[in-house]
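Asker: Quick one, what's the 3D model for this:
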Amino acid sequence: MTLPPHEITLRLVTATALAGLVGLDREHRRSAAGLRTHALVGMSACLLMIASAFGFADILGTPGVGLDPSRIAAQIVTGIGFLGAGTIIAHGESVRGLTTAASIWTVAAIGIAVGCGMYRAAILGTALTLILLLVLRPVERRLDTFWRKQTISLLYDPKVVTIETLLAALRSINLNVTGLSVETQGSSGKDEIQITLNQSGGTVLQDALQAVVQLEGVESAKIE
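Answerer: Predicted coordinates for the structure are as follows:
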């Protein structure tokens with residue numbers, strides 16, 4: 001079975017367009033891989049699938065010859081893994097580029113689907129991808145505001161101020177305490193407490209430090 005030229009053109013153009021839509025978001029975010037990279041990945045994945053599924057029709061009837069188009073799809077996924085890894089940047093505990101790497105992998109899947117003639121699956125996959133990238137981004141930021149965990153360290157005199165007083169001061173400005181540890185500082189009579197908390201709402205952590213430093217008995221406070 002051979003594929004008509006107009007169908008080949010339609011599949012390549014469709015794969016390029018759908019992958020390009022995903023790439024537009026990454027281009028807008030100034031990611032390492034933008035519009036051109038995503039469009040190229042989608043188009044090339046589609047082209048490889050077309051070649052794999054229809055490029056060897058002349059030898060399919062040869063005795064002893066068997067072809068498995070799915071092997072090309074597997075190789076595409078493997079190759080895209082290396083390309084996506086190049087967009088990931090790790091700096092200390094911060095990792096950037098994971099979403100871009102995932103989007104490159106996704107447009108490869110979209111290209112494979114179009115190359116197989118699965119237009120509905122490819123269009124639906126593109127729509128869901130755009131929803132995840134565009135609609136969920138502000139939702140994720142809002143959730144991060146409420147769930148962000150940070151640790152502050154306080155040096156205080158336990159004879160003057162109690163742990164309950166410190167925690168009450170933090171809770172009064174919408175900071176949810178999720179854990180703490182106390183260490184006695186030898187013969188100085190001072191204790192150091194490390195408090196892990198969730199930053200809730202729009203509370204600025206610097207305001208939290210200012211609130212506890214003003215308490216009598218607290219000598220210093222810092223963000224870990």
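
Asker: From here on, just use CA atoms for contacts and neighbour counts.
Answerer: Noted.

Asker: G20 and E27, how far apart?
Answerer: 10 Å (CA to CA, to the nearest Å).

Asker: Mind checking which of the two has more residues around it?
Answerer: Neighbour totals were compared for G20 and E27, and G20 leads with 25 against 18 (other CA atoms under 10 Å).

Asker: Skipping its backbone neighbours, what lies nearest that one in space?
Answerer: A39 (4.6 Å; CA to CA, 6 or more residues apart in numbering).

Asker: Can you check the pLDDT for that neighbour?
Answerer: With respect to pLDDT, A39 has a value of 95.

Asker: Show me what secondary structure element comes after the helix or strand containing it.
Answerer: Using DSSP states H and E, the secondary-structure element containing A39 is helix 35-54. Next along the chain after helix 35-54, taking DSSP H and E as the criterion, comes helix 70-85.

Asker: which residues are in contact with that next one?
Answerer: A45, L48, M49, S52, T100, A101, A102, I104, W105, A108, A109, I112 (CA atoms under 8 Å, 6 or more residues apart in numbering).

Asker: Take those residues and write them to TSV, including pLDDT, distance to G81 and neighbour count.
Answerer: Conversion of these to TSV gives the following (pLDDT from 0 to 100; distance: CA to CA, whole Å; neighbours: other CA atoms under 10 Å):
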residue	pLDDT	distance to G81	neighbour count
A45	93	13	29
L48	90	16	20
M49	90	17	24
S52	84	20	20
T100	84	12	25
A101	86	8	22
A102	88	9	16
I104	91	9	29
W105	91	7	22
A108	93	10	28
A109	94	12	25
I112	93	15	27
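
Asker: domain assignment for the chain?
Answerer: 5-117, 146-223 (automatic domain parsing).

Asker: Please identify the most buried of those.
Answerer: Highest mean neighbour count of the domains of the chain: domain 5-117, a mean of 18 (counted as mean count of other CA atoms under 10 Å).

Asker: how about low-confidence regions in the protein?
Answerer: Per-residue confidence for the chain (pLDDT under 70) gives these ranges: 1, 56-70, 84, 86-96, 141-149, 185-187, 198-205, 207, 224.

Asker: Show me the helices in it, by range?
Answerer: 5-28, 35-54, 70-85, 98-115, 119-130, 136-147, 163-171, 205-213 (DSSP state H).

Asker: Out of those, the one nearest Q194 is which?
Answerer: Closest to Q194 of the helices of the chain is helix 163-171 (CA to CA; 10.9 Å).

Asker: So what's the gap between that closest one and the chain middle?
Answerer: Its chain's C-alpha centre and that of helix 163-171 lie 35 Å apart, by CA atoms, centre = their mean, to the nearest Å.

Asker: if we can go back for a sec, would you mind putting the contacts of helix 70-85 into JSON lines with distance to L134 alongside?
Answerer: As requested, the contacts of helix 70-85 are exported to JSON lines (distance: CA to CA, whole Å):
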{"residue": "A45", "distance to L134": "24"}
{"residue": "L48", "distance to L134": "29"}
{"residue": "M49", "distance to L134": "29"}
{"residue": "S52", "distance to L134": "34"}
{"residue": "T100", "distance to L134": "13"}
{"residue": "A101", "distance to L134": "16"}
{"residue": "A102", "distance to L134": "14"}
{"residue": "I104", "distance to L134": "16"}
{"residue": "W105", "distance to L134": "18"}
{"residue": "A108", "distance to L134": "19"}
{"residue": "A109", "distance to L134": "19"}
{"residue": "I112", "distance to L134": "23"}
